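1. this one's sequence-less:
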């Protein structure tokens, strides 16, 4: 799995780019093309208080979804 981080100055339109990629916004011109196997996750700078500091994001997913999906182990959530 590859991960990408988007960094830029304030008001550089990083969120606009993410909203275009995720389909929240539609382009005013041109098109957005995504690979069919693309999986996206977004963790905003103001989300720090929502994930426990003592857990990794994967551990947090396991904690949240283990009851619904007990058959899934950590390797499934890493894909």
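-> Structure received. Please read these numbers as outputs of a predicted model, since none were measured by experiment. Residues are numbered from 1 along each chain as shown.

2. What residues of stretch 16-27 count as buried?
-> residue 20 (16 or more other C-beta atoms under 10 Å). The C-beta positions use only the backbone N, C-alpha and C, and glycine is treated the same way.

3. Quick check: end-to-end length of stretch 12-31?
-> 20 Å (C-alpha to C-alpha, to the nearest Å).

4. now do stretch 12-30
-> First residue to last in stretch 12-30 (C-alpha to C-alpha) measures 20 Å.

5. correct me, but residue 61 touches residue 78?
-> No - at 9.4 Å, residue 61 does not count as touching residue 78 under the criterion of C-beta atoms under 8 Å.

6. Which one's more surrounded, those two?
-> A count of neighbours by other C-beta atoms under 10 Å puts residue 61 above the other of residue 61 and residue 78, at 19 against 9.

7. does the more buried one sit in a helix, a strand or a coil?
-> The three-state label given to residue 61 by DSSP: H, G, I helix; E, B strand; the rest coil is helix.

8. From residue 17, how far out is it?
-> 25 Å (C-beta to C-beta, to the nearest Å).

9. Repeat that for residue 26.
-> Per C-beta to C-beta, residue 26 is found 13 Å from residue 17.
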